[in-house]
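In: Would you be able to build a 3D model of this:
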Amino acid sequence: MRLGSIYALALICTLSAHSAELTKKEVSTTITNKGKYLLHHDVYHKLLAISGTLQNDNAEHGTPNPANLPEVQEPYYEIDHDTQYLQYITDYISTDNTHAYLNTLSLVQLIHLYQNADYWSLETPILDNLQTYIVGKLQNKDVLNDIFSTQESLDTFLNACNSQTKATLAHTLLPYIRNLFLPLVTKPHQTLTGHTEWINSVRLRTDGTLFSCSNDRTIRVWKKDTQDLYQCAQTLTGHTESVKSLLVHTDGTLFSGSNDCTIRVWKTDAQGTYHCMQILTGHTAPIFEVELLTNGTLCSCSFDNTTSLWEKDLKGTYHCTQTSKGHTSYINRVVNPDYAQFSRSDDYNKILVRKVPGLRRLSLEQCLTVLYIYHQYQNNKKQLLVQVSLPAHNVYNTLPSSFKNIVIPWYNPTPLYKKLLVTGLAASIIGAGCYLYYKWFRK
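Out: Below is the predicted model:
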């Protein structure tokens, strides 16, 4: 009797749990009612926690009340926005394994998800994760083969991308393309001289301004002239020992760390000239590296085995808010912008500028075409290609001529017999001209 009661109780608990699981599965995350798009309250609050767009709506209009749906037991919230492709967002934030979910989406669906995430102003780490995943797929040879299989497939992908997405993806792909082509650039575009001792660091501002620091205790500011060549625009002095590290903020503020144990903060005036605005002290040994955290806090590490955090007050003045002990190693930094490489040469006081001509002007379809041709070249046992898919060839024809000259080791659509024919024809014309000239001259 007792065993029977225990068995009955266990059976009831199992059935109840199974019923609850079925009920949970039956709850839809999204429903449509009278043309309105509604989100289940769990999904709504998940989206609210990471969506700047939804947070701004609630701040402006207040938290909405659940929709009045007598036939539905669960609370739902109406979404008063463009809800096209919102299902991708709700599925993405509802899944426990986002990577596995992304693997189930096609490339076009991934683009819709990314653009919708941007529309809803999802948190930066989510946007960065989606962007990284898409860029990774765009470098896959099988994905590229699918994109360039037909003109329709290429157009379908490009039409799914808005102008901002195209620009963002192209900009993100440029460093990968640059790394493929820099070995083919044998001569430096320019050699920068001026420092008298060893150069320790180079940094690049978003507007193209270059900064370098040296053991000669100076910082040099290099700007491009009308010929696209760098010229030294200013030499910054003030440090009393070697300048080891540089950091440039997106707003143009420059930070320099030195063996004199200080960090200097440099800002520009209305004419674009840099001036030292503040000297940060506190470290007791040379400073090797300065870096900005994502929240704007300045971080410095020193040979005194400490790292310090510096926060800016309302007046723009930095103050040390924390010093941590325990660091025993340092970080070395190399600067590689999208279109060029700046490196210290064997001549310790020079900077070599190596550029891939035309790289900065590449569109998304041109970036993808270059990657496609590269993979085809690799599959062809690194033998010169004379033919690729028609869509890829059509885009190839739009590449800047300076860039085509670099691609030639991989792809040259002019067959050999055509080259010989053109060469022979040119030789015949020159020969005939020489003969006529000689005949005329003898007369």
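In: Tell me which stretches of the stretch 251-400 of the chain form helices.
Out: Using DSSP state H, counting those that start in this stretch, the helices of the stretch 251-400 of the chain run over 364-379, 390-396.
In: what's the following helix or strand after the last one?
Out: Under the assignment DSSP states H and E, the closest C-terminal helix or strand after helix 390-396 is helix 401-407.
In: avg pLDDT for that following helix?
Out: Across helix 401-407, the average pLDDT comes to 75.
In: Just the CA coordinates for it, please, in PDB.
Out: Written as PDB, here are the backbone C-alpha positions of helix 401-407 (Å, rounded to 0.1, in the frame of the first residue of the first chain):
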ATOM      1  CA  SER A 401      44.400  50.200 -62.200                       C
ATOM      2  CA  SER A 402      47.000  50.600 -59.500                       C
ATOM      3  CA  PHE A 403      45.500  47.700 -57.600                       C
ATOM      4  CA  LYS A 404      45.100  45.500 -60.700                       C
ATOM      5  CA  ASN A 405      48.900  45.700 -61.200                       C
ATOM      6  CA  ILE A 406      49.300  44.000 -57.800                       C
ATOM      7  CA  VAL A 407      46.700  41.300 -58.500                       C
END
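In: buried sites along that helix?
Out: By neighbour count on 16 or more other Cβ atoms under 10 Å, the buried set for helix 401-407 is F403, K404, I406, V407. C-beta coordinates here come from the backbone N, C-alpha and C atoms, glycine included.
In: One more: stretch 319-326?
Out: By neighbour count with 16+ other Cβ under 10 Å, stretch 319-326 contains the buried residues C320.
In: Please save the CA atoms from it in PDB.
Out: In PDB, the C-alpha atoms belonging to stretch 319-326 read as follows (Å, rounded to 0.1, in the frame of the first residue of the first chain):
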ATOM      1  CA  HIS A 319      43.000  61.800 -12.100                       C
ATOM      2  CA  CYS A 320      44.500  58.500 -10.900                       C
ATOM      3  CA  THR A 321      41.600  56.500  -9.500                       C
ATOM      4  CA  GLN A 322      43.300  53.100  -9.000                       C
ATOM      5  CA  THR A 323      46.800  51.600  -8.900                       C
ATOM      6  CA  SER A 324      47.100  47.800  -9.100                       C
ATOM      7  CA  LYS A 325      50.300  45.900  -8.300                       C
ATOM      8  CA  GLY A 326      51.400  42.500  -9.700                       C
END
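In: Pick the most buried one from the helices of the stretch 251-400 of the chain.
Out: Comparing the helices of the stretch 251-400 of the chain by mean neighbour count (mean count of other Cβ atoms under 10 Å), helix 364-379 ranks first with a mean of 21.
In: how far does it sit from the chain's center?
Out: Its chain's C-alpha centre and that of helix 364-379 lie 19 Å apart, by Cα atoms, centre = their mean, to the nearest Å.
In: what helix or strand does N200 sit in?
Out: strand 199-204.
In: Give me the helices and strands touching that strand, please.
Out: On a contact count with 3 or more Cβ pairs under 8 Å, 6 or more residues apart in numbering; DSSP states H and E, strand 199-204 meets strand 210-214, strand 243-248, strand 340-344, strand 350-355.
In: That one pairs with which strands, parallel or anti?
Out: Using DSSP bridges, strand 199-204 pairs in its sheet with strand 210-214 (antiparallel).
In: And the buried residues of helix 401-407, which is closest to L182?
Out: I406 (9.9 Å; Cβ to Cβ).
In: Many thanks, I have nothing further to ask.
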